[in-house]
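*Asks:* Build me a model from this:
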Amino acid sequence: MKKIYIAGCGGMLGEAFYRKFKDQYVLRCTDKDVNEEWLSYLDFRDPEAYKKDVTEFKPDYLFHLGAYTDLEFCENNADDTYNTNTLAVENAVYIANKLDIPLLYISTAGIFDGKKELYDDWDLPNPLGVYARSKYMGERFVVENARRFLVCRAGWMMGSGPAKDKKFIQKLMKQLKEGKKELFIVDDKDGTPTYTHDFAENVKLLLEKEYWGLYNMVCGGQTSRYEVAEELLNILKIENKVKLTAVHSDYFKDVYFADRPPCERLVNRKLTIRNINIMRDWKIALREYIENYYQGYLD
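*Replies:* Numbers count the residues shown, from 1 in each chain. Presented below is the predicted three-dimensional model:
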């Protein structure tokens, strides 16, 4: 069995990668937050410790998953963000090149400015804030310097349930659990949900085929924050019990003050052309996610 070193594996995406890869690969999963029994401690911002741990494991692949993704935190802590989201990625490139192994880096739809309705793999990014810049500079460094790499761009991430999901779906589920009967949802933000399990599965397929390069990797179908909330209520069968109120982004500007592109809709053009796009429609993925991770959550 081939070996994969997964750095920054303690979050929602790491959980999916562990589940999808553990039966066919020997894994070493590390994070600075050891929140699972299959994790061991490593802060990948420590270049010497990172290099030593990876080198001793002698992996066939290096997956670099971790990043700060809270946009407001990133705006308020720019240097820490660049250290975590950009410089640590540069270290990962050095390590992968030294060991002559492929590197996986996770990028984001947030690197675009949102002026277009759809972005394919060849559209040029124009990042708006610290988070987007830090991720885009990581992406560029990998593309320009890694010998063999996969850069996979995710959209609105969902996965891993209440324990690790800090994104849109869990924020809505938390409000519902608290008994809220009205949810205020922005109606001026478009994007593409991305189920972590589908994402990990499609990465595995690229790895097996050795189709190195940069790929958009989001679920099928284009949507908005409001439509996602609408579909969530339908899946939970509470669409008649909870009111959705559409608001402009300015409604939340005190809490969410960081710049966000109005449109983050990606299309998996390269995956489709290569006939290896196995990302399912976002509605199917959302239903599976809720059924698998939120059974009894609202009881």
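*Asks:* what's the following helix or strand after the helix or strand harbouring residue 49?
*Replies:* Per DSSP states H and E: residue 49 is located in helix 47-57. Per DSSP H and E, the first helix or strand lying C-terminal to helix 47-57 is strand 61-64.
*Asks:* what's that next one packed up against?
*Replies:* When contacts are defined as 3 or more C-beta pairs under 8 Å, 6 or more residues apart in numbering; DSSP states H and E, strand 61-64 sits against strand 3-7, helix 88-99, strand 103-108. For the C-beta atoms, the positions are set from N, CA and C on the backbone; glycine is no exception.
*Asks:* What lies in contact with the helix or strand just after the last one?
*Replies:* Where DSSP H and E defines the elements, the next helix or strand beyond strand 103-108 is helix 130-145. Contacts to helix 130-145, defined as C-beta atoms under 8 Å, 6 or more residues apart in numbering, come from residues 67-71, 74-75, 78, 81-82, 84-86, 89-90, 93, 97, 103, 105, 107-108, 110-111, 125, 127, 149, 151, 153, 214, 258-259, 261.
*Asks:* Which positions in helix 130-145 come out as buried?
*Replies:* 130-142 (16 or more other C-beta atoms under 10 Å).
*Asks:* Give me the next element, helix or strand, following the least confident helix or strand in the chain by mean pLDDT.
*Replies:* When the helices and strands of the chain are scored by mean pLDDT, DSSP states H and E, strand 223-224 comes last with a mean of 91. Remark: after strand 223-224, the chain's next helix or strand is helix 225-236, criterion DSSP H and E.
*Asks:* Could you check the angle the next helix or strand after that following helix makes with helix 225-236?
*Replies:* Downstream of helix 225-236, the next assigned helix or strand under DSSP H and E is strand 243-247. Between the axis of strand 243-247 and that of helix 225-236 there is an angle of 170 degrees, by axes from the mean of the first three to the mean of the last three C-alpha atoms, to 10 degrees.
*Asks:* Sheet-wise, list the partners of strand 243-247 with their directions.
*Replies:* Sheet pairing of strand 243-247 (DSSP bridges) gives strand 182-186 (parallel).
*Asks:* Determine the set of other helices and strands touching whichever helix or strand comes after the partner strand.
*Replies:* Per DSSP H and E, the first helix or strand lying C-terminal to strand 182-186 is strand 190-191. Judged by 3+ C-beta pairs under 8 Å, 6+ apart, strand 190-191 is in contact with strand 223-224.
*Asks:* Listing partners with orientation, what would you give for the strand it packs on?
*Replies:* Next to strand 223-224 in the sheet, as set by DSSP bridges, lie strand 190-191 (antiparallel).
*Asks:* hmm, who's touching the strand it pairs with?
*Replies:* By C-beta under 8 Å, 6+ apart, the list of residues contacting strand 190-191 reads 109, 117, 155, 156, 222, 223, 224, 225, 262, 263, 264, 265.
*Asks:* Name the nearest residue to the first one, sequence neighbours excluded.
*Replies:* Counting by C-beta to C-beta, 6 or more residues apart in numbering, the nearest residue to residue 109 once its immediate chain neighbours are dropped is residue 264, at 3.9 Å.
*Asks:* hang on, the earlier thing: which of the residues in the helix holding residue 49 are buried?
*Replies:* For helix 47-57, a neighbour-count test (16+ other C-beta under 10 Å) marks 50, 51, 53, 54, 57 as buried.
*Asks:* what does stretch 97-110 give?
*Replies:* Buried-residue list, stretch 97-110, by 16+ other C-beta under 10 Å: 97, 99, 101, 102, 103, 104, 105, 106, 107, 108, 109, 110.
*Asks:* so what's the first one up against?
*Replies:* Residue 97 makes contact with 145, 146, 147, according to C-beta under 8 Å, 6+ apart.
*Asks:* Could you check how far it is from residue 149?
*Replies:* Distance check for residue 97 against residue 149: by C-beta to C-beta, to the nearest Å, it reads 10 Å.
*Asks:* Could you do the fifth one as well?
*Replies:* Per C-beta to C-beta, residue 103 is found 5 Å from residue 149.
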